[in-house]
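1. Provide a 3D model corresponding to the input given below.
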Amino acid sequence: MSVQNDTPDNPDIPAPAATVDPAATEEAHPLQAGAPVKPEAPTFAELGVRPEIVRALAEAGIERTFAIQELTLPLALAGEDVIGQARTGTGKTLGFGVPLLQRVVPPSELPAATAEGDAADRGRDVPQALVVVPTRELCVQVAQDIADAGRHLGTRVTAIYGGRAYEPQLAALHKGVDIVVGTPGRLLDLAEQRHLVLGRVGALVLDEADEMLDLGFLPDVERILRMLPDERQTMLFSATMPGPIIALSRAFLNRPTHIRAEEADQGSIHERTAQYVYRAHAMDKVELVTRVLQAKDRGLTMIFARTKRTVQRVADDLAERGFAAAAVHGDLGQGAREQALRAFRSGKVDVLVATDVAARGIDVTDVTHVINYQCPEDSKTYVHRIGRTGRAGKEGVAVTLVDWDEIPRWKMVSEDLSLGIDEPVETYSTSEHLYTDLDVPTTATGRLPLSKRTRAGLGAEYVDTEGDHGGRNKRKPAREERTSQPKRDRSRTRSRSGVPVAGPAGARPAEGATESRAASQVAEAPSAPQGPGSAGPATDSPATGSDSEGGNRPRRRRRRGGRGRSGGEGADAGTSVAGSSADAGGSQDAAAS
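-> Predicted coordinates:
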């Protein structure tokens, strides 16, 4: 899907002056209400949000604030630093997106010039706010939501992330941008090349802060912070915020306020999500998953695994068994990943197999089932995985498959979240309780019946490989499309002591000539009979090139006991300058002895 900010649904509303780049957000869905709202919750207008933003949210069906927004907006709108914590799917994006839109001055409200000069014009094209996210998918989704909320302000939003060509992103920056949403790697790359100016950023947001401030992202975050002005507003938002991460976050913020959008005794798991944990054998997991995918009233399903190889193998196995499945992992190019997400959102495929990197930021409605093909690493990963279902007040099902060697890890997850499922039930694809728990028909087999294969499949969705820079499985050009290379010169030149030996006409020896043939030609050069008193064969020698000029060269070393030793000496004598007959006779006597 693409953003149509320049074509509002209401024809009476004028089009904004600037829009978000549609090509960067075409795989994201439009802004929509995605969390339960209390009837007594205040509206956005009551909290002092600009009328243009309120109108854009009302067009998306959002009038009252969610829990995290109700607590965050009063502080964020006042310019204070905030640490916001709430469960996945409760509206954290608008919790920081609305304050950013309120703070940013759109191009239509900037003065054309000032009395001192054109300082206003120079500041028009540089970002005023920066949002840093950990994944590409989350980057696209956040940029989409902010652009939709600010559609009537004309705020320019650009998504900057790796895996895509530089040229479209550089063109968007040079054209002018107000809010930049990006991943750390590409942001640092463009900032160091001075294509991205961060000196005027007045607001910084770290979304999914626990992941951004983890050990792997901490150096990148610190480098970004050093490029920003000291006087700024910083906001951190995430679903989980452990104690050490909170302490680390406070070092970057100025007297922040920690906001938690639920009660202290409330877990981070959605109450509407039914959780089932089974102890399954590795060789029976695919068969077990095929039974789960045939459960009654199953909608879109997401399957998570730890490794890229496992994700691809499971997706291929399910596709071979008749299920409309697609894979999302790091070995795929960005075009292929976006193709899979578009097909999943549009319903062309109903099974998406992904690694944990895709667990954050994929905001897809109507996901009814989540399957953990492998046990999550920790409780934080488990929360984000099953947070893909049970959204917007709907019910969901989460199934976790634990192998025998993963029991200790699962016990830690269960104890951290107080799930009370320390010992999973041993389950196989033929176990009766599996069919009963998930409402699976008893006639289900390991393959999807032909009558139920109604999805168009991944092949029905187009793939955009233009500018795709990432992925091992990137499509290679056909043989006829590849650039033709000139043929290598395979002719060989025989040399003696580093000096080429020319032929009778000064040409190179024929290809494939052996060393023995070249040596024999040199040895047979003096054809005149030789004897004492002979004037020497110098005049009969065909070697009139380099051999005649190299009389002072050292003799060529011959093999001991080799054939043609005397001939070689005669050849050396023949290639020397003609001298006295005595010298020639002496050389022949030496050769004969």
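
2. dump the residue contacts of the nearest residue to Y278 once chain neighbours are set aside.
-> Of all residues not flanking Y278 in the chain, T427 sits nearest, at 3.7 Å (Cβ to Cβ, 6 or more residues apart in numbering). Using the backbone N, CA and C atoms, a C-beta is placed for each residue, glycine as well. The contact partners of T427, by Cβ atoms under 8 Å, 6 or more residues apart in numbering, come to 278-280, 288, 433-434.

3. show me just the buried residues among those.
-> 278-280, 288, 434 (16 or more other Cβ atoms under 10 Å).

4. so which of those residues are in strands?
-> Residues from the buried ones among the contacts of T427 lying in strands, with DSSP state E as the criterion: 278-279.

5. what's the closest of the buried ones among the contacts of T427 to A327?
-> Nearest to A327 among these is L288, at 19.0 Å by Cβ to Cβ.

6. re the thing from before, now the residue nearest to Y278: phi and psi?
-> In terms of degrees, to the nearest 10, the main-chain angles of T427 are phi -140, psi 140.

7. tell me the spacing between it and D403.
-> Distance, T427 to D403, by Cβ to Cβ, to the nearest Å: 12 Å.

8. same deal with E320?
-> Distance, E320 to D403, by Cβ to Cβ: 23 Å.

9. those two: who's more crowded?
-> D403 (15 against 10; other Cβ atoms under 10 Å).

10. what sits against the more buried one?
-> 279-282, 374-375.

11. what's the closest of these to R186?
-> Looking across the contacts of D403 and measuring by Cβ to Cβ, the closest to R186 is Q374, at 29.7 Å.

12. and the gap between the closest one and L419?
-> Taken as Cβ to Cβ, the span from Q374 to L419 is 17 Å.

13. cool, E222 as well?
-> 36 Å.

14. the more surrounded of these two?
-> Taking other Cβ under 10 Å, E222 and L419 do not tie; L419 has more neighbours (17 against 11).

15. that one: what secondary structure?
-> At L419 the chain is in coil, as set by DSSP: H, G, I helix; E, B strand; the rest coil.

16. now the contacts of D403 in JSON lines, with pLDDT and distance to Y166?
-> Converted to JSON lines, the contacts of D403 look like this (pLDDT from 0 to 100; distance: Cβ to Cβ, whole Å):
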{"residue": "R279", "pLDDT": "97", "distance to Y166": "48"}
{"residue": "A280", "pLDDT": "97", "distance to Y166": "45"}
{"residue": "H281", "pLDDT": "96", "distance to Y166": "47"}
{"residue": "A282", "pLDDT": "94", "distance to Y166": "42"}
{"residue": "Q374", "pLDDT": "95", "distance to Y166": "36"}
{"residue": "C375", "pLDDT": "95", "distance to Y166": "39"}
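
17. please convert those to a markdown table, extending it with distance to L101.
-> Shown next, in a markdown table, are those (distance: Cβ to Cβ, whole Å):
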| residue | distance to L101 |
| --- | --- |
| R279 | 49 |
| A280 | 47 |
| H281 | 52 |
| A282 | 49 |
| Q374 | 40 |
| C375 | 41 |
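
18. out of those residues, who's nearest Q69?
-> Distances from Q69 to the contacts of D403, taken by Cβ to Cβ, are shortest for C375, at 33.9 Å.

19. what is the helix or strand harbouring V399 packed up against?
-> Using DSSP states H and E, V399 maps to strand 396-402. With contacts taken as 3 or more Cβ pairs under 8 Å, 6 or more residues apart in numbering; DSSP states H and E, strand 396-402 sits against strand 273-279, helix 285-292, strand 367-372, helix 379-386.

20. make sure D416 is indeed in a helix.
-> Yes. Judged by three-state DSSP, D416 forms part of a helix.

21. so the closest residue to it other than its chain neighbours versus K411, what's the distance?
-> Spatially, and ignoring its direct neighbours in sequence, D416 is nearest to S379 (3.9 Å; Cβ to Cβ, 6+ apart). Using Cβ to Cβ, one obtains 11 Å as the distance from S379 to K411.

22. over to K308?
-> For K308, the distance to K411 equals 27 Å [Cβ to Cβ].

23. tell me which of those two has more neighbours.
-> The neighbour comparison of K308 against K411 (other Cβ under 10 Å) goes to K308, with 18 against 15.

24. and the spatially closest residue to the more buried one that is not a sequence neighbour, how many residues sit next to it?
-> Leaving aside its sequence neighbours, K308 sits nearest to H329 (Cβ to Cβ, 6+ apart; 4.0 Å). The local packing of H329 (other Cβ under 10 Å) involves 24 other residues.

25. what's the answer for D178, then?
-> Counted with other Cβ under 10 Å, residues neighbouring D178 total 25.

26. again with the one 10 residues further on
-> Under the neighbour criterion other Cβ under 10 Å, L188 is assigned a count of 17.

27. can you pull out the helices in the stretch 251-400 of the chain?
-> Taking DSSP state H, counting those that start in this stretch, the helices of the stretch 251-400 of the chain run over residues 285-292, 308-320, 334-346, 379-386.

28. which secondary structure elements does the last one contact?
-> Using 3+ Cβ pairs under 8 Å, 6+ apart as the contact definition, the elements that helix 379-386 packs against are strand 367-372, strand 396-402, helix 407-417.

29. cutoff 7 Å now
-> Applying 3 or more Cβ pairs under 7 Å, 6 or more residues apart in numbering; DSSP states H and E, we find helix 379-386 packed against strand 367-372, helix 407-417.

30. save these as JSON lines, and put in distance to E46 and mean pLDDT too.
-> Below are these laid out as JSON lines (distance: least, Cβ to Cβ, whole Å; pLDDT from 0 to 100):
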{"stretch": "strand 367-372", "distance to E46": "32", "mean pLDDT": "95"}
{"stretch": "helix 407-417", "distance to E46": "36", "mean pLDDT": "94"}
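
31. of all the ones you listed, which lies closest to E167?
-> It is, among these and with distance given as Cβ to Cβ, strand 367-372, at 34.7 Å.

32. report the angle between that closest one and helix 407-417.
-> If you take axes from the mean of the first three to the mean of the last three Cα atoms, to 10 degrees, strand 367-372 sits at 130 degrees to helix 407-417.

33. name the SS class of M235, please.
-> Relying on three-state DSSP, one would call M235 strand.

34. that one pairs with what?
-> V82, V205 (DSSP bridges).

35. surely it meets A76?
-> Yes. The pair formed by M235 and A76 meets the contact definition of Cβ atoms under 7 Å, at 6.2 Å.

36. who touches both of those two?
-> Residues touching both M235 and A76 by Cβ atoms under 7 Å, 6 or more residues apart in numbering: 82, 96.

37. what about L73, neighbour count?
-> So L73, with other Cβ under 10 Å, has 23 neighbours.

38. you'd agree it is in a strand?
-> No. Counting by three-state DSSP, L73 falls outside a strand, being helix.

39. what sits against it?
-> Residues near L73 by Cβ under 7 Å, 6+ apart: 47, 65, 98-99.

40. for T381, see how far away it is.
-> From L73 to T381 the distance is 30 Å (Cβ to Cβ).

41. swap in C375?
-> Using Cβ to Cβ, C375 is found at 10 Å from T381.

42. about what we covered before: can you lay out the helices and strands packed on helix 379-386 as CSV showing distance to L341?
-> Output for those, formatted as CSV (distance: least, Cβ to Cβ, whole Å):
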stretch, distance to L341
strand 367-372, 13
helix 407-417, 27
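
43. out of these, nearest to R226?
-> R226 lies closest to helix 407-417 among the helices and strands packed on helix 379-386, at 34.8 Å (Cβ to Cβ).
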